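> Starting from these lines, generate the structure:
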Amino acid sequence: MSNDQIEALGAGGALAAKNALSQPAENYVNDANIEMQWAMKAFKHAEVYYNLISSVDSTSLKLTKHDDEILENFKKDFPDFKIDKFEESDLKSDTAKSKWRPFCNHFDGTVEDFNYGTLLRLDCTKDYSEENSTLATKIQFYAIEIARNRAGLNLINRKKLESKQNEMTREESKS
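As a prediction, the model looks like this:
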């Protein structure tokens, strides 16, 4: 999905998408337009987040005003979760869902849109892609990405960007 597709929505389309995406799921059937609007919103969020962690020192990055509480509860409830690289089943198997549900619901009323869907990278050393992304709730995204940031695991993305920029500079200086 390109930025042109997102920009093609225009202000009215973006407002309609926002309103549509803020309605309870029970109000909808699988409408292709709604799914496309959601996918564009999720893609844009993923793109912005990846650009952010590729551009700044992510170890001190604050994603919410509740980062410390989210991280504390995540470490307590999931002490053995492999934050660097995990499988989709670690979020979506029946066993995983039964562990994640109370964790997620703990943030109802605390973290805005805690249960909205967003994209999450399975392997923190790689960019978002079809193979490296899964749908997760926003609170799962926050928990895992806050833990990755605090552990310095997302710094590799900044190093990759810096390396690419240095290589481009060297190539330009050769010409």
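
> From now on I want contacts and neighbour counts done on CA atoms only, so please keep to that.
Fine.

> in the chain, which spans are helices?
3-7, 10-21, 32-55, 67-77, 89-92, 94-105, 138-150, 155-174 (DSSP state H).

> Quick one: closest of those to residue 113.
Evaluated over the helices of the chain, closeness to residue 113 peaks at helix 138-150, with 7.0 Å, by CA to CA.

> Centre of the chain to the closest one, how far?
In terms of CA atoms, centre = their mean, to the nearest Å, the gap separating the centre of helix 138-150 from the centre of its chain is 8 Å.

> same question, stretch 32-47
In terms of CA atoms, centre = their mean, the centre of stretch 32-47 is found 12 Å from the chain centre.

> Could you list the low-confidence segments of this protein?
For the chain, applying pLDDT under 70 flags the ranges 1-30, 161, 163, 165-166, 168, 170, 175.

> how far away is residue 39 from residue 118?
Distance from residue 39 to residue 118, counting by CA to CA, to the nearest Å: 9 Å.

> who's more crowded, these two?
The residue with more neighbours, out of residue 39 and residue 118, is residue 118; 21 against 16, by other CA atoms under 10 Å.

> What's opposite that one in the beta bridge?
Beta-bridge pairing for residue 118 (DSSP bridges): residue 136.

> which ones are touching it?
Residue 118 makes contact with 42, 45, 46, 135, 136, 137, 138, 141 under the criterion CA atoms under 8 Å, 6 or more residues apart in numbering.

> can you do 10 Å?
38-39, 41-43, 45-46, 133-141 (CA atoms under 10 Å, 6 or more residues apart in numbering).
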